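Participant: Generate a structure from the sequence data that follows.
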Amino acid sequence: MPPTPDPADVLVLLELGPGATGQVAGTLDRRTGVLTPTRRTTRTRPVVVDRRAHVLLVAHRRGVDLSVERWRGVRRAVVPLVRVHERHEASQSAELFAELAVELDRRNPRDVPRTVVMLRDQARWLADGHSVRTSPLTTVPRGSVLDLVGFPVDW
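Facilitator: Next up is the predicted model:
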């Protein structure tokens, strides 16, 4: 039986949809660097955040997700960062954004510098008490993943 991780060693990302009541969307183990999404498919599974991984901020109709991919996208872990609907807005906490930025910066996956800047901007925005609806992550246009992080040429 594997040892139970210390809660201080795990970042917990919560579900953010309109009906979410504290359900866990995923975890990032600080010791191993494994991002584990709760929802899994053949392609969506735990991924190690390291130098061989690509980290992406993915903007879509409902909000923005953090995606960590390995093996040219064959395996990925996706967790929600921000959700904005007509009558609903939700975000991970400012503290979690700051800790996530530190952890990604420390692990140094590909494409991380701009992502870390965006996560830190989001943390400051929320810590200052501003609205999620007008936060830095919500200004990223949908489908602009290429503009935000710049895929390597050989991808």
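
Participant: From here on, just use CA atoms for contacts and neighbour counts.
Facilitator: Fine.

Participant: what sits up against the lengthiest helix in the chain?
Facilitator: Criterion DSSP state H: the longest helix present in the chain is helix 112-127. Among residues not part of helix 112-127, those counted as contacts by CA atoms under 8 Å, 6 or more residues apart in numbering are 54-57, 93-98, 100-102, 104-105, 132, 135-137, 148-149.

Participant: hang on, residue 133 in a helix?
Facilitator: Yes - counting by DSSP: H, G, I helix; E, B strand; the rest coil, residue 133 is located in a helix.

Participant: Test my guess that it contacts residue 84.
Facilitator: Yes - taking CA atoms under 8 Å as the definition, residue 133 is a contact partner of residue 84 at 6.3 Å.

Participant: shaky segments in the protein?
Facilitator: 1-7, 73, 141-155 (pLDDT under 70).

Participant: those helices in it, which residues are they?
Facilitator: For the chain, the helices defined by DSSP H occupy 94-107, 112-127, 145-149.

Participant: can you list contacts of the first one?
Facilitator: Outside of helix 94-107, the residues that reach it under the criterion CA under 8 Å, 6+ apart are 11, 13, 30, 33, 49-51, 112-113, 115-117, 119-120, 122-127.

Participant: and with 6 Å instead?
Facilitator: 50, 116, 119, 120, 123, 126, 127 (CA atoms under 6 Å, 6 or more residues apart in numbering).
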